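A.B. asks: Below are the sequence and a predicted model for it; my questions follow.
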2 protein chains.
Amino acid sequence: MTATIIDGKAIAARMRDETRAEAQALTDAGWAPRLISISVGDVAAAELYVRNQQKSAEAAGVAFEARNYAETISLEQLQGVIAGLNADPRVNGIIIQRPLPAHIPVKALQKAVHPLKDVEGMHPSSIGNIVYNDLTLGPCTAVAAVEILKTLPLKMEGLDVCVIGHSEIVGKPIAFLMMGLGATVTVCHHMTRQVAVHSRAADAVFVAVGKPGLVNGAMLKPGAALIDIGINRVNDSEGRGKTVGDADFDSCAQVAGWITPVPGGVGPVTVAILMKNAVLATRMQLEHYRAAFAAAV
Amino acid sequence: MTATIIDGKAIAARMRDETRAEAQALTDAGWAPRLISISVGDVAAAELYVRNQQKSAEAAGVAFEARNYAETISLEQLQGVIAGLNADPRVNGIIIQRPLPAHIPVKALQKAVHPLKDVEGMHPSSIGNIVYNDLTLGPCTAVAAVEILKTLPLKMEGLDVCVIGHSEIVGKPIAFLMMGLGATVTVCHHMTRQVAVHSRAADAVFVAVGKPGLVNGAMLKPGAALIDIGINRVNDSEGRGKTVGDADFDSCAQVAGWITPVPGGVGPVTVAILMKNAVLATRMQLEHYRAAFAAAV
């Protein structure tokens, strides 16, 4: 094996220390950061995520409240709930847990969250601000993947980057963020004729598709960085379930210079970015409040 | 010469015919589309643009009013003007002419335009909607360049596309529009190590940098489509001023399969898209109004 395995947990722990200091400073100023998590219906699928977020919030000094609504709630009722949270000064961030029931389109809820409380970075104007290189609250997974790459001793300007997967909340935002750092970015997806042509030429490869084994060592340039964002449940040869990414880890680790493991790579950093967004959102709300009350009317 | 020269004026004329029919239908419904153009200070630089827009609006059956404000107006005053236009039901679209004086940041004005009246497609949420593949009002130049490519007998899915230039309002939106059509897109810019490596591999090349001669025939794959978005004033060998694009037209036309001329390529289509956006914006405002008044309260 040639690749250095990137320690996502260590990167997340460093971020959380910074976040905790900022959360304390905000609390001292009367703005204790507080997140509300909204889930709808059967929570089993999201439960692990929510518990991880709760633990991470506690570690970062961010208050966290998980709310679950009945499967029968309507879209309009949920939009009303969110409007109430937008208007509530004690709420600094709103997280919408997926999956949602079929009658609740996730985008309609994301658009209902006030951009200053959009800690998941999913509102169209949050995404648009990435295009404008005005990053405030970015989509957590994409930001986490890019932050991991930035810890490596690679010059981002002029770096040839291949992003495999062009989802709205991961692949495309990664592409924008890397462009903003000066990289030359190619985005591949299921309609790309030969992914390997592009990935083999890249100094860094991001993969976020959700297909185990999609990227193998033959598709990488020797020494490249591989950031694996996939999270897939598979059975091993003895029928035991395990979690793997989109890369064939063993063959990729023979060729890559750096590789993120799954689990323990992008996952923990994503949760750390969510908490970083929570304190950033709180800071922005504080400034928005102060600006609004700066002068007598 | 091998390349077919793409006739932007003919494409624009076809679009304008469709727009005029839609403008007439809206007028018949009591919603005659109307644009307001805002310029500040010395208008000489923008005058030609404004006059072209005015002519194009008349041809499309869209009312057009050019307003000029004194150089001394403040940002807050202009934001107030825009707030007034947002609230005025007789105004369906707002165009902010550039350049603006140094004390007026263009983004602050673009953000002030209501997204439903953002006929230039510059608001962060308009840009974010491109990422989400929910195109409503897109940035005119980027949409024009992509619409031109779509007139060619090329299959967009899996097409290898190189975008040279990563500006917020042209290069990046083109990249995301092409991704939405299924193309594999690489975005190059001034930090890219070897643009030719990427452009030479592409089936279609968009160039939007503002440097005459940036792309030459040796940088193209034989038969590729070249969409030239640059507009540059240069002097010819006899010292006469002329307008050229970013491509070295003669050498590119020897290699490309299709090429847009400058002038007469992307430019006229861009103005046609602005008018198309104007009727689309009016249609959206009509629907928004009807939805708001659909029920007695």
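C.D. replies: Cool, the structure landed.

A.B. asks: which stretches of the stretch 1-150 of chain A have low pLDDT?
C.D. replies: A:1, A:132-135 (pLDDT under 70).

A.B. asks: List the residues that contact the closest residue to A:L220 other than its chain neighbours.
C.D. replies: Of all residues not flanking A:L220 in the chain, A:V255 sits nearest, at 4.6 Å (Cβ to Cβ, 6 or more residues apart in numbering or on different chains). For every residue, glycine as well, the C-beta is placed using N, CA and C. Taking Cβ atoms under 8 Å, 6 or more residues apart in numbering or on different chains, we find A:V255 in contact with A:T2, A:A3, A:G217, A:A218, A:L220, A:K221, A:P222, A:A224.

A.B. asks: Dump the residues you listed to TSV, plus neighbour count and secondary structure.
C.D. replies: Rendered in TSV, the data for these read as follows (neighbours: other Cβ atoms under 10 Å in any protein chain shown; DSSP: H, G, I helix; E, B strand; the rest coil):
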residue	neighbour count	secondary structure
A:T2	13	coil
A:A3	21	coil
A:G217	19	helix
A:A218	13	helix
A:L220	27	coil
A:K221	18	coil
A:P222	11	coil
A:A224	25	coil
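
A.B. asks: what's the closest of those to chain B?
C.D. replies: A:K221 (13.4 Å; Cβ to the nearest Cβ).

A.B. asks: Please name the nearest non-neighbouring residue to the closest one.
C.D. replies: Counting by Cβ to Cβ, 6+ apart, the residue nearest A:K221 is A:R200, at 5.7 Å.

A.B. asks: how is chain A carved up into domains?
C.D. replies: A:29-114, A:141-267 (automatic domain parsing).

A.B. asks: Looking at these, which is nearest to B:I36?
C.D. replies: Minimum separation from B:I36 across the domains of chain A (Cβ to Cβ) falls at domain A:29-114, 27.0 Å.

A.B. asks: helix or strand for A:L226, which one?
C.D. replies: strand A:225-228 (DSSP states H and E).

A.B. asks: Against which helices or strands is that strand packed?
C.D. replies: helix A:140-150, strand A:204-207, strand A:258-259 (3 or more Cβ pairs under 8 Å, 6 or more residues apart in numbering or on different chains; DSSP states H and E).

A.B. asks: ok, and for stretch A:89-104, which residues are buried?
C.D. replies: A:V91, A:N92, A:G93, A:I94, A:I95, A:I96, A:Q97, A:L100, A:I104 (16 or more other Cβ atoms under 10 Å in any protein chain shown).

A.B. asks: Can you say which of the domains of chain A is packed in most?
C.D. replies: domain A:141-267 (a mean of 21; mean count of other Cβ atoms under 10 Å in any protein chain shown).

A.B. asks: now the end-to-end length of that one.
C.D. replies: 8 Å (Cα to Cα, to the nearest Å).

A.B. asks: re earlier: quick one, phi psi at the residue nearest to A:L220?
C.D. replies: phi -110, psi -40 (degrees, to the nearest 10).

A.B. asks: that older thread, out of the helices and strands packed on strand A:225-228, nearest to chain B?
C.D. replies: Using Cβ to the nearest Cβ, these put helix A:140-150 closest to chain B, at 11.0 Å.

A.B. asks: mind listing the helices in the stretch 151-297 of chain A by residue range?
C.D. replies: In the stretch 151-297 of chain A, the helices defined using DSSP state H, counting those that start in this stretch lie at A:171-180, A:195-199, A:249-255, A:266-292.

A.B. asks: May I have the second one as CSV, with CA atoms only?
C.D. replies: I take that to be helix A:195-199. Output of helix A:195-199 as CSV, limited to C-alpha atoms (Å, rounded to 0.1, in the frame of the first residue of the first chain):
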residue,chain,number,x,y,z
VAL,A,195,-14.9,8.2,-16.4
ALA,A,196,-11.4,6.7,-16.2
VAL,A,197,-10.1,9.1,-19.0
HIS,A,198,-10.9,11.9,-16.6
SER,A,199,-10.1,10.4,-13.3
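
A.B. asks: from the middle of its chain, how far away would stretch A:173-181 be?
C.D. replies: 14 Å (Cα atoms, centre = their mean, to the nearest Å).

A.B. asks: what does that stretch contact?
C.D. replies: A:121, A:127, A:130-131, A:133, A:135, A:138-139, A:142-143, A:145-146, A:149-150, A:156-157, A:159, A:161, A:163, A:166, A:185, A:187, A:206, A:208, B:131, B:166, B:172, B:175, B:187, B:189.

A.B. asks: so what's A:Q79 closest to, chain neighbours aside?
C.D. replies: Using Cβ to Cβ, 6+ apart, the closest residue to A:Q79 is A:A112 (4.8 Å).

A.B. asks: Distance-wise, check that neighbour relative to A:E76.
C.D. replies: 10 Å (Cβ to Cβ, to the nearest Å).

A.B. asks: before we move on, the earlier item: okay, the domains of chain A in TSV with distance to B:R67 next?
C.D. replies: Formatted as TSV, the domains of chain A follow (distance: least, Cβ to Cβ, whole Å):
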stretch	distance to B:R67
domain A:29-114	32
domain A:141-267	34
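
A.B. asks: And these: which comes nearest B:A87?
C.D. replies: domain A:29-114 (21.3 Å).

A.B. asks: if I pick A:T4, what's in contact with it?
C.D. replies: Counting by Cβ under 8 Å, 6+ apart, A:T4 has contacts A:G257, A:W258, A:I259.

A.B. asks: again, but for A:S125
C.D. replies: Counted by Cβ under 8 Å, 6+ apart, A:S125 has contacts A:P115, B:H123, B:P124, B:S125, B:G128.

A.B. asks: between those residues, which is nearest B:A45?
C.D. replies: Of the contacts of A:S125, the one sitting nearest to B:A45 (Cβ to Cβ) turns out to be B:H123, at 23.6 Å.
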